[in-house]
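*Asks:* next input, structure requested:
(one chain, ligands or ions: 1)
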Amino acid sequence: MAQLRAFAEGSRQAGRRLGLVPTMGALHAGHLQLVAAAAAACDDVVASIFVNPTQFNNADDLRLYPRLPEQDTALLAGAGCTALFMPGVEEVYPQPTVLRFDFGPLERVMEGAHRPGHFNGVATVVSKLFHMARPHAAYFGQKDFQQVAIVRQLIADLSFDLELVVAPTIREADGLAMSSRNRRLSPEARAVAPLIYQVLQTAAQQVRQGVPPAQVQAQALAALAAEPQFTPEYVEVADAQTLQPLAGYEAGRAVVLCVAAHLGGVRLIDNVVVE
Ligand code: PAF
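*Replies:* All right, here's what the predicted structure looks like:
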């Protein structure tokens, strides 16, 4: 922590623009895109790698989360990162936090509803990182659509003086959204994983055609459940700003389609926005 503070302070005092890319490691092209975007716009780029225990509500998910520090360090060095912050749990949490975040309706849906405490953990660690690094800009991926909404709210409510930069989801050639958890998919599971994006694309088409949200949702859930390896957790047709489920469409308001599904013991999420 002290090292991160000192580096960030030195960077600020030298009048340099500092970008922060928070990650949990097991880096892929999506993360490297964030680092590249930060490197293009900032003089210094700090990446953090910390598998944050407080945002996991499933002990196995935390235990099995991929950890590849050497590989990640090499990737970051080649991607334009100037400083790496890779703390241990005691460094970030010298004592259990008592502060609790409540983002209201924004977190009562989707990930927040299905992973109790998840966004409290995310907001806690992201706030700590923002306080320590005091970046001019922070970089997040759109794959975690609800996380971006939560972080935007956090920045507004706590008056963090920084720019939030959101980069588009990077996909494999077959459409699967890049995710650190993809590494845990068996070959059989990996072969059917692109179904999530296919289902989202069909749903997006239906939204554009004005098919009612409930029907879009039911058909998408059925299409996922038709593949025996999948156990869908939710499909939501929601307002892209409030994240609340839609009963109908309103002209000029973007729609977000979000999916969470279990595939061979791995939980995957994805989304597409229909403008
Ligand atoms: O998106 C992630 O990898 C994590 O939620 C984050 C933002 C690094 C906080 O631990």
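*Asks:* over to Gly19: give its phi and psi.
*Replies:* Listed backbone geometry of Gly19 is phi -110, psi 140, with angles given as degrees, to the nearest 10.
*Asks:* what's the neighbour count on it?
*Replies:* Summarising burial for Gly19: neighbours were counted as other C-beta atoms under 10 Å, giving 30. All C-beta spots, glycine's among them, are computed from the backbone N, C-alpha and C.
*Asks:* so it touches Ala38, yeah?
*Replies:* Yes - here Gly19 lies in contact with Ala38, judged by C-beta atoms under 8 Å, at a distance of 3.3 Å.
*Asks:* what about the helices in the protein?
*Replies:* Assigned by DSSP state H, the helices in the chain fall at 2-13, 29-41, 59-64, 69-79, 89-92, 110-114, 118-133, 145-157, 187-192, 195-208, 213-225.
*Asks:* can you lay out those as TSV showing distance to the ligand, mean pLDDT and mean neighbour count?
*Replies:* Rendered in TSV, the data for the helices of the chain read as follows (distance: least, C-beta to the nearest ligand atom, whole Å; pLDDT from 0 to 100; neighbours: other C-beta atoms under 10 Å):
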stretch	distance to the ligand	mean pLDDT	mean neighbour count
helix 2-13	14	94	15
helix 29-41	8	97	20
helix 59-64	12	94	12
helix 69-79	12	96	15
helix 89-92	10	96	14
helix 110-114	10	98	20
helix 118-133	5	98	21
helix 145-157	6	98	19
helix 187-192	21	98	14
helix 195-208	18	98	19
helix 213-225	23	98	17
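*Asks:* among these, which is nearest Leu164?
*Replies:* Taking C-beta to C-beta as the criterion, helix 145-157 is the member of the helices of the chain that comes nearest to Leu164, at 5.8 Å.
*Asks:* circling back to that earlier point, shared neighbours of Gly19 and Ala38, anything?
*Replies:* Common neighbours of Gly19 and Ala38 are listed as 45, 137, 139, 165 (criterion: C-beta atoms under 8 Å, 6 or more residues apart in numbering).
*Asks:* closest to the ligand among the residues you listed?
*Replies:* Distances from the ligand to the shared contacts of Gly19 and Ala38, taken as C-beta to the nearest ligand atom, are shortest for Tyr139 (9.9 Å).
*Asks:* show me the contacts for the closest residue to Leu263 other than its chain neighbours.
*Replies:* Among residues not flanking Leu263 along the chain, Ala189 sits closest, at 4.9 Å (C-beta to C-beta, 6 or more residues apart in numbering). Neighbouring residues of Ala189 by C-beta under 8 Å, 6+ apart: 229, 263-264, 266.
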